[in-house]
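> need coordinates for the following:
(one chain, ligands or ions: 1)
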Amino acid sequence: MSIEVKICGLSEPATLEAALGAGADLVGLVSFPKSPRHVSPEKAAELAALARGRARVALLLVDASDDLVGELVSATLPDVLQLHGDESPERAAELRRIFGREVWKAIPLGAEADLAAAELYWDAADRVLFDARPPQGAELPGGNGLAFDWELLANLDPARPFVLSGGLTPENVGEAVRVARAKTVDVSSGVETVPGVKDPERIAAFVRAARAAGPF
Ligand SMILES: O=C(O)c1ccccc1NCC(=O)[C@H](O)[C@H](O)COP(=O)(O)O
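Presented below is the predicted three-dimensional model:
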């Protein structure tokens, strides 16, 4: 099975097309106003329509209300709700039940002890997305371009459906996949020239490098 690739934080039709053309399996649309990748419901609807039938669409949410989730789901018809805030297992399960979408829960990893949090979500969510724990006081809960020690995942039950994320780049994704034994990878900063500006060549290079790394 080839490595599944998600390109996150797409905000313009041209770079979304670049991700689709590169063969991304999923595209991520961020709804978080503090993010340089934030898109309005209208822009998200435009981008999701371009992706439909060509890649799955993940909606990035941070402790969003039912009203906001409902507005965004109606606008984008996403395949995945990725929860990147402090959503509890109960909230994750509730959103999955209400909106009938796959739910991925982001778990910040800084040390081995952080893995325990993932155990709470394997039933409540469809996948756990391991991302680097942001520094204290960071503006963003994700999209920081920070990597964690991939060895932390080396002993994870390979049957667990997880996504490897955090500080990945075209240059390091191969090693990351092999060390973490990841089947799915996710990137945002590593395919940008400046925060929020995706680079088509780096997107293509990332997809190529990820595909070349698997299957292991
Ligand atoms: O990307 C953002 O700006 C963002 C903002 C708020 C919550 C989540 C966000 N991104 C979530 C993602 O899935 C990113 O791809 C993931 O955190 C990895 O980011 P990076 O380390 O920049 O590749």
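
> enumerate every residue touching the spatially most central residue of the chain.
The chain has Asp186 as the residue nearest its centroid, 5.0 Å off, counting by Cα atoms, centre = their mean. Residues near Asp186 by Cβ atoms under 8 Å, 6 or more residues apart in numbering: 5-6, 8, 26, 28, 129, 163-165, 168. (Glycine included, C-beta is placed from N, CA and C.)

> quick one: it is in a helix?
No. Applying DSSP: H, G, I helix; E, B strand; the rest coil, one finds Asp186 to be strand, outside a helix.

> give me the beta-bridge partners of it?
Counting by DSSP bridges, Asp186 is bridged to Lys6, Ser165.

> how confident is the prediction for the residue in the chain that the ligand sits nearest to, by pLDDT?
Relative to the ligand, the nearest point of the chain is Gly143 (2.3 Å; Cβ to the nearest ligand atom). Looking at Gly143, its pLDDT reads 97.

> likewise for Ala113?
96.

> chain center to the longest helix seen in the chain: distance?
Identified as the longest helix of the chain according to DSSP state H is helix 200-213. Distance of helix 200-213 from its chain centroid, counting by Cα atoms, centre = their mean, to the nearest Å, is 16 Å.

> just stretch 21-37 next, same as before
That offset, for stretch 21-37, works out to 8 Å (Cα atoms, centre = their mean).

> again with stretch 32-52
Counting by Cα atoms, centre = their mean, stretch 32-52 comes out at 14 Å from the chain centroid.
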